[in-house]
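Enquirer: Turn this into a structure:
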Amino acid sequence: QVQLVESGGGLVQPGGSLTLSCSTSGIIFSIYVMGWYRQAPGKQRELVARITTTGGTNYANSVKGRFTISRDNAKNTMYLQMNSLKPEDTAVYYCNARGTVAQGDYWGQGTQVTVSD
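Expert: The predicted structure follows:
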């Protein structure tokens, strides 16, 4: 059974930091492209950051220079270090594992991040 479990969300003041984790099981983690997505109320889900199997990364323009995605294949876990958080970063953050059609595409249940005074 495939499981992706996000953790690390919460309430933080503007300018603060959070680190999200995505712990996986049931997949061969190292062969999946991993990504963080977010969805704010009333908005579509959007890509925040993605990391390839070889460690290549790409980021949404809105988070470049503030967020860092990483992965630890030995721990089957992906991370998102979020610095200089802004109120507009408030959303539910989802973990995604994307493989080939045969390998499948999986989502976590999401973790809430709220940036507010």
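
Enquirer: and E88, that's in a helix?
Expert: Yes: counting by DSSP: H, G, I helix; E, B strand; the rest coil, E88 falls inside a helix.

Enquirer: Contact partners for the most centrally placed residue in the chain?
Expert: Central residue of the chain (CA atoms, centre = their mean): W36, 2.7 Å from the mean position. The neighbours of W36, taking CB atoms under 8 Å, 6 or more residues apart in numbering as the test, are 20, 22, 47-50, 69, 78, 80, 93-96. Just so you know, the C-beta spots here come from the backbone N, C-alpha and C atoms, and that holds for glycine as well.

Enquirer: so can I have TSV of those showing pLDDT, secondary structure and neighbour count?
Expert: Output for those, formatted as TSV (pLDDT from 0 to 100; DSSP: H, G, I helix; E, B strand; the rest coil; neighbours: other CB atoms under 10 Å):
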residue	pLDDT	secondary structure	neighbour count
L20	98	strand	23
C22	98	strand	26
L47	98	strand	14
V48	98	strand	22
A49	98	strand	22
R50	98	strand	18
I69	98	strand	22
M78	98	strand	28
L80	98	strand	25
Y93	98	strand	23
Y94	98	strand	21
C95	98	strand	26
N96	98	strand	20
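
Enquirer: can you tell me how far S7 sits from Y79?
Expert: Taking CB to CB, to the nearest Å as the measure, S7 falls 10 Å from Y79.

Enquirer: Show me the strands in this protein, by range?
Expert: 3-7, 10-12, 18-25, 33-39, 46-51, 57-59, 67-72, 77-82, 91-98, 105-107, 111-115 (DSSP state E).
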